[in-house]
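Okay, sequence plus prediction incoming.
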Amino acid sequence: MSTLPNALSRRAIAMLKAVGEGRAELRCSCEPDLRVDGLSCCDQNTAHDLARAGLIRAVGVTAPGRWAPAELTDAGHRALSGVAAAA
């Protein structure tokens, strides 16, 4: 997944915004699942892609399988700011 704004789907952008607003959590595992507002995200493949691309991560260290708050990485912030600039 590229971090260029035009390479992100609308769903990926919405997920990044939810993470940036502090509304998301990641289940700590090799393929982290995402939930927003306490509900499982409908597109876990995109959540995995965002994590693998280094755009989101769990805050702090927690045991495998546990939920932790999600945050944007510096690359995630840049990707979102690029989307806002392109809009």
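Received it, and whenever you're ready, just let me know what you need.

contacts and neighbour counts: CA atoms only from here.
Will do.

can you tell me which residue is nearest the centre of this protein?
For the chain, the residue nearest the mean C-alpha position is Ile56 (4.2 Å; CA atoms, centre = their mean).

and that residue, what does it touch?
By CA atoms under 8 Å, 6 or more residues apart in numbering, the contact set of Ile56 is 16, 19, 50, 70-73, 76.

Quickly name whichever of those is closest to Cys28.
Ranked by distance to Cys28 (CA to CA), the contacts of Ile56 are led by Ala70 at 10.0 Å.

That closest one: which element?
Assigned by DSSP states H and E, Ala70 belongs to strand 67-72.

Phi first, then psi, for the residue nearest to the centre of the chain.
Main-chain dihedrals, Ile56, degrees, to the nearest 10: phi -130, psi 160.

can you give me the strands in this structure?
Remark: strands assigned in the chain by DSSP state E are 24-27, 33-36, 39-40, 56-58, 67-72.

How about residues contacting the shortest one?
I take that to be strand 39-40. Applying CA under 8 Å, 6+ apart, the contact partners of strand 39-40 are 33-34.
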